[in-house]
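Enquirer: can't give you the sequence, but here's the structure:
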Ligand SMILES: Nc1ncnc2c1ncn2[C@@H]1O[C@H](COP(=O)(O)OP(=O)(O)O)[C@@H](O)[C@H]1O
Ligand SMILES: [Mg+2]
């Protein structure tokens, strides 16, 4: 293992049983994410991007293979240890912000800290700082359900970073936002990646965003590969729809 490797996946596979047939989604997949790297993962719909992110995030277990965070093999952790590891080390951002609508923005961001056992007052102070960082200082006491889609995603980002994780996993976080709001979330992700010293894995359909990350890998036939240069041109793409390597991207 290289010393500056933050996440390493070795020969991962993930098979699903669907009726009488086995579906192999990931197949002998290898990945090294360097400390501090911002990695974009692209791939056609159904390629297995979310499956991979769930495995890396300890939300699902591989059929075979190992996943290391630093020198720790997360496959070897018990359910309780894995839950604690997720809460301390990882931040997640999904396409859908999944906030608790009846609770305030502040309470939503405090939640992972309270689960971790941080005292209420301290949790509130930290959550306020996170909300300031995403530009929502004036929305702290709004109920989450009353915020706009972009504001909800900003709360979700503040929540993801509430516990100062080392790694941020984001699965199409701009996928359901309009172009302008998506730009704003992407730019916040970039700023916070730097200011929090994160290692980020960012699944996206937006090749223009992907091209601004440190590295792009394409998930194809169950494995990650470097996209062939010249097969895609991020500069000319206005929205989230484009084609790469002959595949259709939605
Ligand atoms: N729980 C599951 N049971 C059976 N098949 C699944 C399950 N989750 C995902 N799949 C299948 O795995 C494939 C990859 O899905 P997914 O990781 O969501 O792709 P992506 O995020 O790239 O669009 C799809 O064919 C999907 O139907
Ligand atoms: Mg997906």
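Expert: Structure received. Computed from a predicted structure; not experimentally measured. Residues are numbered from 1 along each chain as shown. Ligands and ions are numbered 1, 2, ... in the order given.
Enquirer: what's the single longest helix in the chain?
Expert: Secondary structure of the chain per DSSP state H: the longest helix is helix 179-195.
Enquirer: Go ahead and name everything in contact with the next helix or strand after it.
Expert: Per DSSP states H and E, the first helix or strand lying C-terminal to helix 179-195 is strand 199-203. For strand 199-203, contacts defined as C-beta atoms under 8 Å, 6 or more residues apart in numbering pick out 6-7, 33-42, 49-50, 53, 56, 166-173, 189, 193, 209-210, 213. Every residue, glycine included, has its C-beta placed from N, CA and C.
Enquirer: Distance from the chain centre to strand 199-203, please.
Expert: 5 Å (C-alpha atoms, centre = their mean, to the nearest Å).
Enquirer: For this structure, list the residues in contact with ligand 2, please.
Expert: 49, 50 (C-beta under 5 Å from the ion).
Enquirer: can you pull out the helices in the chain?
Expert: Counting by DSSP H, the helices of the chain are 49-56, 79-89, 105-115, 120-133, 149-160, 179-195, 207-210.
Enquirer: With mean pLDDT and mean neighbour count as extra columns, can I get those helices in TSV?
Expert: Listed next are those as TSV, based on pLDDT from 0 to 100; neighbours: other C-beta atoms under 10 Å:
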stretch	mean pLDDT	mean neighbour count
helix 49-56	98	22
helix 79-89	93	14
helix 105-115	97	22
helix 120-133	98	17
helix 149-160	98	23
helix 179-195	96	16
helix 207-210	94	23
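Enquirer: Serialize these to CSV and add fields for distance to residue 62.
Expert: As requested, those are arranged in CSV below (distance: least, C-beta to C-beta, whole Å):
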stretch, distance to residue 62
helix 49-56, 5
helix 79-89, 13
helix 105-115, 25
helix 120-133, 31
helix 149-160, 23
helix 179-195, 26
helix 207-210, 25
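Enquirer: now the angle between helix 120-133 and the longest helix of the chain, please.
Expert: 120 degrees (axes from the mean of the first three to the mean of the last three C-alpha atoms, to 10 degrees).
Enquirer: who's in contact with helix 179-195?
Expert: Contacts of helix 179-195 (C-beta under 8 Å, 6+ apart): 38, 93, 133-135, 149-150, 153-154, 157, 161, 168, 170, 173-174, 177, 198, 200, 202, 206, 209, 212, 238-240.
Enquirer: Over in this protein, which residue gets nearest ligand 2? Let me know.
Expert: residue 50 (3.2 Å; C-beta to the ion).
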